[in-house]
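**Student:** Here is a sequence with its predicted model. Questions after.
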Amino acid sequence: MEISPQVTASARGPLWLVNVGGRWNMEEPWPEEADAALTGLADQRVRELRLEATDLGQWDTSLLVFLVQLVKAARARELSVELDLPEGLKRLLHMAFAVPAQEGAARKKADTSFLYRMGDSVASLPPKAADFLNFCGEVTLSLWRLFLGRAKMRPQDFVAAMHECGVQALPIISLTSLLFGLILAFVGAVQLTHNIYKNEYQLGREFELGRSRIVANADKLVTPDPEGGVMRLKDDVFVGLDGDTNDKGLTIFSPALRDESFERRKQSYLKACENIIGLKRGILSDVEAVERTAKEISSSEGDYSLSIMDLQRMWYDALLETLRITDLWGQALGLCDAQAVDLEQLLSVSWGNGVLYDADKDWADTLSMVEAGLLKPELALAKKYDLPCETPEDLAAIREKYMPEMVQLTAQAGLR
């Protein structure tokens with residue numbers, strides 16, 4: 001059996017015979033004879049179309065599409081069609097042409113009068129009111145059964161619903177809050193950008209219009225031209241005024257610039273930008289208004305990201321509350337005992353290296369404290385590896401396991 005689609009078309013007098021076979025697959029292109037089978041129907045001598053199937057293997061909608069196009073072309077010329085095909089394929093073709101598409105089938109909303117629309121709304125109001133009252137009644141009865149402890153809900157289903165609405169929904173709620181905050185920040189930033197641009201434009205105009213000029217009589221700005229005639233000075237510094245030629249005075253025009261007011265307005269805009277992006281005031285505004293040394297800037301490096309630190313603290317508190325609620329529900333359902341658990345000691349969150357925390361720098365500071373004798377090496381290792389260090393036994397375990405590594409880590413600090 002052929003594995004590729006096969007089409008043979010031949011004319012027998014007024015009969016146009018098309019035979020299909022092989023395997024038809026959407027991934028396989030139609031054979032070249034398929035176009036010949038379609039174009040052959042345009043012959044005026046053809047009066048009848050007959051479709052046959054010989055050695056037809058597996059087929060899909062690609063064969064059905066081909067046969068539908070043949071039948072459509074035949075019906076367009078009002079030719080008789082005879083189907084000698086497998087029963088399933090023949091039934092699909094009949095279904096494809098069972099209900100022909102009607103022109104203008106898309107219904108248009110009929111124009112009705114106001115009284116008709118009002119009457120229709122009033123007539124449909126009772127069923128809608130009944131459905132609403134039924135809904136309210138079902139909710140009321142469900143809440144009443146819940147308060148009486150007769151609600152038909154298993155405890156594990158209730159816990160699963162709480163998990164889906166609580167902890168599982170935390171990521172999407174956080175993402176939604178972040179996107180909402182970004183939208184609000186963007187809306188405010190657009191207006192601030194417009195205001196800053198307007199302020200810079202006005203400041204530029206202030207310097208443009210406030211340039212110093214020397215005002216003199218127009219005749220004084222005229223000098224003889226060596227080639228004849230006169231030549232006027234075109235320097236922007238000099239402005240000539242038509243007037244009395246006997247006036248030999250010069251007037252210097254040098255207005256006071258209002259740049260300080262524009263700069264104060266600019267500082268207010270920069271502080272508004274800092275509020276929008278959640279940074280501490282002084283990162284954008286005071287850096288231009290106040291001169292600071294490199295040491296002062298580096299010493300205030302930690303103040304620049306207070307809002308991010310607050311956000312991390314909020315995440316930590318949220319995780320802590322989630323553990324506390326989970327512990328209470330576990331006790332209520334009998335999944336765990338009522339023994340007190342130190343959740344703060346159980347929960348440990350590491351934010352990794354970034355703008356707010358540099359592990360290498362923190363470890364270097366810890367080593368400097370060890371070198372100065374302000375901190376025991378065991379405590380430094382306990383902090384680095386998050387180990388217990390409350391009892392002498394804990395410290396002895398740290399010395400036994402990590403002190404060789406401590407010697408290597410502190411070699412540069414001169415500790416042996």
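**Tutor:** Good, I have the coordinates.

**Student:** What's the local residue count around Glu82?
**Tutor:** By other CB atoms under 10 Å, 12 other residues sit near Glu82. Any C-beta I mention is one placed from the backbone N, CA and C, and that applies to glycine too.

**Student:** Check what pLDDT it gets.
**Tutor:** We have a pLDDT of 88 for Glu82.

**Student:** ditto for Ala129
**Tutor:** Reported pLDDT for Ala129: 91.

**Student:** And it, how far from Ala123?
**Tutor:** Per CB to CB, to the nearest Å, Ala129 is found 12 Å from Ala123.

**Student:** mind listing the helices in this protein by residue range?
**Tutor:** 32-39, 61-76, 87-96, 114-147, 155-165, 170-209, 259-277, 286-289, 294-299, 306-332, 343-346, 359-371, 377-385, 392-409 (DSSP state H).

**Student:** For the fifth one, C-alpha coordinates in CSV please.
**Tutor:** This points to helix 155-165. The C-alpha trace of helix 155-165 is given here as CSV (Å, rounded to 0.1, in the frame of the first residue of the first chain):
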residue,chain,number,x,y,z
PRO,A,155,-11.6,19.2,57.3
GLN,A,156,-8.9,18.3,54.7
ASP,A,157,-10.9,20.1,52.0
PHE,A,158,-11.2,23.2,54.3
VAL,A,159,-7.5,23.2,54.9
ALA,A,160,-6.8,22.7,51.2
ALA,A,161,-9.1,25.7,50.4
MET,A,162,-7.3,27.8,53.0
HIS,A,163,-3.9,26.8,51.5
GLU,A,164,-5.1,27.8,48.0
CYS,A,165,-6.4,31.1,49.2
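
**Student:** chain center to that helix, what's the gap?
**Tutor:** 29 Å (CA atoms, centre = their mean, to the nearest Å).

**Student:** and it, what's its mean pLDDT?
**Tutor:** Mean predicted lDDT for helix 155-165 stands at 80.

**Student:** If you count neighbours, what's buried in it?
**Tutor:** Within helix 155-165, the residues scored as buried using 16 or more other CB atoms under 10 Å are Val159.

**Student:** and the angle for it with helix 306-332?
**Tutor:** Here the directions of helix 155-165 and helix 306-332 differ by 180 degrees (axes from the mean of the first three to the mean of the last three CA atoms, to 10 degrees).

**Student:** How about residues contacting helix 155-165?
**Tutor:** For helix 155-165, the surrounding residues in contact (CB atoms under 8 Å, 6 or more residues apart in numbering) are 329, 333.

**Student:** picking up where we left off before, can the helices of the chain go into CSV with extra columns for distance to Val18?
**Tutor:** What follows is the helices of the chain, written out as CSV (distance: least, CB to CB, whole Å):
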stretch, distance to Val18
helix 32-39, 5
helix 61-76, 6
helix 87-96, 13
helix 114-147, 54
helix 155-165, 58
helix 170-209, 57
helix 259-277, 71
helix 286-289, 82
helix 294-299, 85
helix 306-332, 69
helix 343-346, 77
helix 359-371, 77
helix 377-385, 80
helix 392-409, 84
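
**Student:** nearest to Arg12, of these?
**Tutor:** Judged by CB to CB, the one of the helices of the chain that comes nearest to Arg12 is helix 32-39, at 14.0 Å.

**Student:** gap between the closest one and the chain center?
**Tutor:** Distance, centroid of helix 32-39 to centroid of chain: 50 Å (CA atoms, centre = their mean).

**Student:** what do you get for stretch 153-173?
**Tutor:** Worked out by CA atoms, centre = their mean, stretch 153-173 lies 25 Å from the chain centre.

**Student:** Repeat that for stretch 165-174.
**Tutor:** 17 Å.

**Student:** Please measure how far the first residue of that stretch sits from its last one.
**Tutor:** End-to-end distance for stretch 165-174: 13 Å, by CA to CA, to the nearest Å.
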